[in-house]
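K.L.:
requesting a structural model of the entry that follows:
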Amino acid sequence: MSKIGTYFSETRNELVNKVSWPTWAELQSSALVVMVSSVIIALVVFGMDFLFELLMKEAYNLIK
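P.N.:
Numbers count the residues shown, from 1 in each chain. Prediction:
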């Protein structure tokens, strides 16, 4: 049991004293980058899906 206690004690010490946490401004900036990137990727995937759908419809119309 003492190993578990030591583990949690060392984990807490590392999180409090050794980890460099980002500032609020850095968090906001990172969140904005993630949101913009997500929207761009979603638009690219949407565009690819839309184009593929058009191509497949044309291919099926040629077969009919």
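
K.L.:
show me where this protein dips below the pLDDT cut-off.
P.N.:
Within the chain, no range satisfies pLDDT under 70.

K.L.:
now the helices for the chain?
P.N.:
Ranges of helices in the chain, per DSSP state H, are 2-13, 24-63.

K.L.:
mean neighbour count added to those, as JSON lines?
P.N.:
Just so you know, the C-beta spots here come from the backbone N, C-alpha and C atoms, and that holds for glycine as well. Shown next, in JSON lines, are these (neighbours: other CB atoms under 10 Å):
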{"stretch": "helix 2-13", "mean neighbour count": "9"}
{"stretch": "helix 24-63", "mean neighbour count": "10"}
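
K.L.:
what distance do you get for the residue sitting nearest the centre point of the chain to Trp21?
P.N.:
Within the chain, one residue has its C-alpha closest to the average C-alpha position: by CA atoms, centre = their mean, that is Val34, at 6.7 Å. Distance, Val34 to Trp21, by CB to CB, to the nearest Å: 18 Å.

K.L.:
again with Gln28
P.N.:
Using CB to CB, Gln28 is found at 14 Å from Trp21.
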